[in-house]
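[1] I would like to see how this sequence folds:
(one chain, ligands or ions: 1)
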Amino acid sequence: MKKFFIDPGHGGTDPGAVGNGLQEKDLTLKISKKIRDLLEGYENVEVKLSRENDQTLSLKQRTEMANEWGADFLLSVHINAGGGTGFENFVHTSASNASIAHQNTIHPEIVKLLDFTDRGKKRKNLHMVRESKMPALLTESGFIDNTVDAAKLKKTPYIENIALGHANGIVKAFGLKAKGPEKLMWGKTEFKKGQIGRVTILKPINLWTEDEEGKLQMVRILQPDDQFRVYGFREKHGGQYDVGGGHWVTKMDGYIRYETPSKALLAQSAEVYK
Ligand SMILES: [Zn+2]
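    Okay, here's the model as predicted:
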């Protein structure tokens, strides 16, 4: 399990940088929440935000939260101000090798999704990257007091791209694996493509296959409680269920129980496997 602590800069009584009708605290929260949503699409990932809403938190509270939680990585999200333009990010002046490696991986992933000026990978003695016990990075995505940058920051797709760049960088830095599609379940087992039902063995009964001449050959004797997915039915040999892999189970009252899934599950199956 990898634990990512995302810190939306400022909040509550501290708006952060302000300009062009924007407040840094709102933008950092939007970006951070989006990063969380994106990272949650990966396996073995836990994400915690220092704040989920417009809350006042000291820098000390933020790093203590991350340290106590035992995060594997801290990302502090900020928007710049003070007469410049573009994107830059910071590790501490005496950053660990891990912090520097993550900065090297994450920086280009953000830059390539945005048309911000690349101000580079930097080092600075900042609280968030100094007091955190884990590798840490602080990003400054654009200048709120620059009209060109602010115009970009006002667009939701641009904010989403900033978040995507951060998430992609983290995914790459930590080698995260995307979650596979959700399996379609029928009770405790997966409902597979082409499946029409299932058969449960009640009394010992033969499992059949066919030789080249179409003659039945016994594969083995099935035991009570064995369960098979059913993919078809044929009238031959008194009625047989196709249990996949060229194998058949004969329909014999008292020896097997056949069940069909609900209409809802079949409809879902048609949708998932179309
Ligand atoms: Zn800030």
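[2] Quick check: pLDDT value at the closest residue to the ion within the stretch 151-274 of the chain.
    The ion sits closest to L153 of the stretch 151-274 of the chain, with a gap of 13.1 Å, by C-beta to the ion. No exception for glycine: its C-beta is placed from N, CA and C like everyone else's. We have a pLDDT of 98 for L153.
[3] Quick check: it touching E140?
    No. In this structure L153 lies outside contact range of E140 using C-beta atoms under 8 Å: 11.8 Å.
[4] tell me, what's touching these two both at once?
    By C-beta atoms under 8 Å, 6 or more residues apart in numbering, L153 and E140 have these common neighbours: I79.
[5] contacts for the host helix or strand of D26?
    When elements are assigned from DSSP states H and E, D26 belongs to helix 24-39. Helix 24-39 has contacts (C-beta under 8 Å, 6+ apart) with 4, 6-12, 14-18, 45, 47, 49, 51-54, 75, 77-79, 81, 141, 144, 153, 159-160, 162-164, 166-167, 170-171, 176.
[6] Throw together a PyMOL command that grabs the buried residues out of those.
    Restricted to buried positions by 16 or more other C-beta atoms under 10 Å, the PyMOL selection for the contacts of helix 24-39 reads:
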select buried, resi 4+6+7+8+9+10+11+16+17+45+47+49+51+75+77+78+79+81+141+144+153+159+160+162+163+164+166+167+170+171+176
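[7] Now for the spatially closest residue to N67 that is not a sequence neighbour, how many residues are close by?
    Sequence neighbours aside, K133 is the residue nearest to N67 in space, at 4.9 Å (criterion: C-beta to C-beta, 6 or more residues apart in numbering). For K133, the count of nearby residues is 13 (other C-beta atoms under 10 Å).
[8] which phi and psi does the closest residue to V111 other than its chain neighbours have?
    The shortest distance from V111 to any non-neighbouring residue, by C-beta to C-beta, 6+ apart, is to D118 (5.0 Å). D118 has phi and psi values of phi -90, psi 110 when expressed as degrees, to the nearest 10.
[9] Repeat that for the one 10 residues further on.
    Backbone torsions for M128, taken as degrees, to the nearest 10, come to phi -60, psi -40.
[10] for the residue nearest to N67, helix, strand, or coil?
    What DSSP: H, G, I helix; E, B strand; the rest coil gives for K133 is coil.
[11] cool, and F228?
    Secondary structure state of F228, per three-state DSSP, is strand.
[12] Just confirm N146 contacts F87, I think it does.
    No. Counting by C-beta under 8 Å, N146 stays clear of F87, with 11.9 Å between them.
[13] Within range of the ion, give me the residues from the chain.
    G9, G16, H78 (C-beta under 5 Å from the ion).
[14] Show me where the stretch 151-274 of the chain has its strands.
    Taking DSSP state E, counting those that start in this stretch, the strands of the stretch 151-274 of the chain run over residues 185-186, 189-190, 197-201, 205-210, 216-222, 227-230, 232-234, 240-242, 248-250, 256-259.
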